[in-house]
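Chemist: Okay, here's the prediction I keep looking at, along with the sequence it came from:
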Amino acid sequence: MWILKAVGALLIVAASSGVGGLYAEKFARRRREIKAFSDALGRLETEVFYGSTPLPTALARVAEGAPRAIRPFFADLLRQLEMTDDLRSSWRQAMERHFAQSCLAPEDLSCLLPLADVLGTSDREDQRRHLKSTADRLRQNEETARIEEDKNTKLWRSVGLLGGVALAIIFL
Amino acid sequence: MTLDVGLIFKLAGIGILVAVLVLVLERADRREYGQLVALAGVTIAFLFVLQLLGNLFTAVRTLFNL
Amino acid sequence: MQILQIVGVGLAAAVLVVVLRKERPDMALLLSLAAGVVIFLFIVPQVAQVARLLEELTVRAHVKLLFITSILKIIGIAYLSEFAGQVCRDAGQEAIASKIEMAGKIIILALAIPIISAVLDLFMKLVL
């Protein structure tokens, strides 16, 4: 009888801690995604302006070196580009689709979305400036995301664990 | 009526956990959540005690024929 | 042994109440209330035995049952109002505690009226 209760209590605590941990993970993932995009933009800049590679090839190369989290975005983008050859709408659509299942915040999206109108349109220097300013803004966001992550992960993990113990005590 | 020691320890456990949760939330700048949790804890404990009080009143009523 | 269990529970509850009182005095109050109720409920069978014995004795002594039932009711009211009053005092609510005990006293007085009038009747019959 009591072993049933013990197992039940363990399950409840484990489940609740898991939920707390998952919620805490979101903050870490946002920070990592922002950094991934920031690095990818840096590499894009190098490819296009120091390597003079055409945009689709450059994007493909950047996608290869990118962390797993943002590769789907680039894959989607390249597929769209192949179909429509319109960077502006492809970038927008791929970005929106990626945003729907990522941990990015709206302010991060508003940094990255305008690149649709920039890439491949104006002259090199102008594009470089835009890319640099976007990278800077992304780095600021990364800093705020890091601060939030530090504040929140420990908190939500503890809340998950303690809440689980409380529920186990109440119901068992 | 057997001594329901478990209930006492359950209430004490809930009380201690609520205190800890409130402290954790306060430290993370979420005082409002802490107060909410405290309120919820008191409500749940009160429901437990309400059941006990019902038993008490029934027992006293049958005992003293009130 | 029953008294050991009661003492154990009581002491444990007292310690826990002291631990809780600083951070969450509301939970501490509920805990002390629960402990008191649990201990009383544990004792109820014994009290019931004594009460039934008293009733039986009165019946056998051919005294009117009304008297012993009234007295038992008065004891019950006194116990309940004292219990509640003490809990309120522990919570720092002296005002509520005294109101509860005052109400208890009045109800007891009301209950005692038949007994008092019966005694007075008897007295009048003896004297006059």
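Modeler: Arrived safely, thanks for sending. Keep in mind that what you see is a predicted model, and the values were worked out from it rather than measured.
Chemist: The one helix or strand A:Arg157 maps to near chain C anywhere?
Modeler: Element membership for A:Arg157 (DSSP states H and E) is helix A:124-171. No. Helix A:124-171 lies out of reach of chain C by C-beta under 8 Å from any C-beta of the partner chain, never closer than 12.3 Å. Glycine gets a C-beta too; all of them are placed from N, C-alpha and C.
Chemist: Contact residues of chain A facing chain C?
Modeler: So far as C-beta under 8 Å from any C-beta goes, chain A does not lie against chain C anywhere.
Chemist: check which helix or strand covers the residue nearest to the spatial centre of chain A.
Modeler: Chain A has A:Glu33 as the residue nearest its centroid, 3.0 Å off, counting by C-alpha atoms, centre = their mean. Assigned by DSSP H and E, A:Glu33 belongs to helix A:2-45.
Chemist: for that helix, the distance to its chain's centre please.
Modeler: The chain centroid and the centroid of helix A:2-45 are separated by 14 Å under C-alpha atoms, centre = their mean, to the nearest Å.
Chemist: pLDDT of it, averaged?
Modeler: The average pLDDT within helix A:2-45 is 90.
Chemist: For the helix or strand following that helix, give me every contacting residue.
Modeler: The C-terminal neighbour of helix A:2-45 among helices and strands, as given by DSSP H and E, is helix A:55-65. Residues outside helix A:55-65 that contact it (C-beta atoms under 8 Å, 6 or more residues apart in numbering or on different chains) are A:40, A:43-44, A:47-48, A:51, A:53, A:71, A:74-75, A:77-78, A:81, A:87, A:119-120.
Chemist: from the chain's centre, how far out does helix A:55-65 sit?
Modeler: Centroid separation for helix A:55-65 versus its chain: 18 Å, with C-alpha atoms, centre = their mean.
Chemist: so what's the residue nearest the centre of chain C up against?
Modeler: For chain C, C:Tyr79 is the residue whose C-alpha lies nearest the centre (C-alpha atoms, centre = their mean; 1.1 Å). C:Tyr79 makes contacts with B:Val60, as judged by C-beta under 8 Å, 6+ apart.
Chemist: And C:Pro25, how far from C:Leu31?
Modeler: 10 Å (C-beta to C-beta, to the nearest Å).
Chemist: Stretch C:69-80: how far from the chain's middle?
Modeler: Offset of stretch C:69-80 from its chain centre (C-alpha atoms, centre = their mean): 7 Å.
Chemist: hey, C-alpha coordinates of stretch C:102-120 in CSV?
Modeler: Taking C-alpha atoms only, stretch C:102-120 is exported to CSV below (Å, rounded to 0.1, in the frame of the first residue of the first chain):
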residue,chain,number,x,y,z
MET,C,102,-20.0,34.9,26.6
ALA,C,103,-22.4,33.3,24.2
GLY,C,104,-21.6,29.9,25.7
LYS,C,105,-22.4,31.1,29.2
ILE,C,106,-25.7,32.5,28.1
ILE,C,107,-26.8,29.4,26.3
ILE,C,108,-25.8,27.3,29.4
LEU,C,109,-27.9,29.6,31.5
ALA,C,110,-30.9,29.2,29.2
LEU,C,111,-30.4,25.4,29.4
ALA,C,112,-30.2,25.5,33.1
ILE,C,113,-33.5,27.3,33.5
PRO,C,114,-35.7,24.1,33.7
ILE,C,115,-33.4,22.7,36.3
ILE,C,116,-33.4,25.9,38.3
SER,C,117,-37.2,26.2,38.2
ALA,C,118,-37.5,22.5,39.2
VAL,C,119,-35.3,23.1,42.2
LEU,C,120,-37.3,26.2,43.1
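Chemist: Now for the residue in chain C that chain A sits nearest to, how many residues are close by?
Modeler: Closest contact between chain C and chain A, by C-beta to the nearest C-beta, is at C:Met27 (12.3 Å). When neighbours are counted by other C-beta atoms under 10 Å in any protein chain shown, C:Met27 registers 26.
Chemist: What residues sit buried inside the worst-scoring helix or strand of chain A on mean pLDDT?
Modeler: Ranking every helix and strand in chain A by mean pLDDT, DSSP states H and E puts helix A:115-118 at the bottom, with a mean of 79. For helix A:115-118, a neighbour-count test (16 or more other C-beta atoms under 10 Å in any protein chain shown) marks A:Leu115, A:Ala116, A:Val118 as buried.
Chemist: Quick one: list the elements packing against that helix.
Modeler: helix A:87-100, helix A:124-171 (3 or more C-beta pairs under 8 Å, 6 or more residues apart in numbering or on different chains; DSSP states H and E).
Chemist: ok, then the element right after the first one?
Modeler: Along the chain past helix A:87-100, the next helix or strand (assigned with DSSP H and E) turns out to be helix A:106-112.
Chemist: on contacts alone, who are the packing partners of that following helix?
Modeler: Looks like helix A:106-112 contacts helix A:2-45, helix A:87-100, helix A:124-171 (3+ C-beta pairs under 8 Å, 6+ apart).
Chemist: Take those helices and write them to a markdown table, including distance to C:Lys99.
Modeler: As requested, these are exported to a markdown table (distance: least, C-beta to C-beta, whole Å):
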| stretch | distance to C:Lys99 |
| --- | --- |
| helix A:2-45 | 43 |
| helix A:87-100 | 62 |
| helix A:124-171 | 34 |
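Chemist: Can you say which of those helices is nearest to chain B?
Modeler: Nearest to chain B, of all the helices and strands packed on helix A:106-112, is helix A:124-171, at 4.1 Å by C-beta to the nearest C-beta.
Chemist: tell me the angle of that closest one relative to helix A:2-45?
Modeler: 180 degrees (axes from the mean of the first three to the mean of the last three C-alpha atoms, to 10 degrees).
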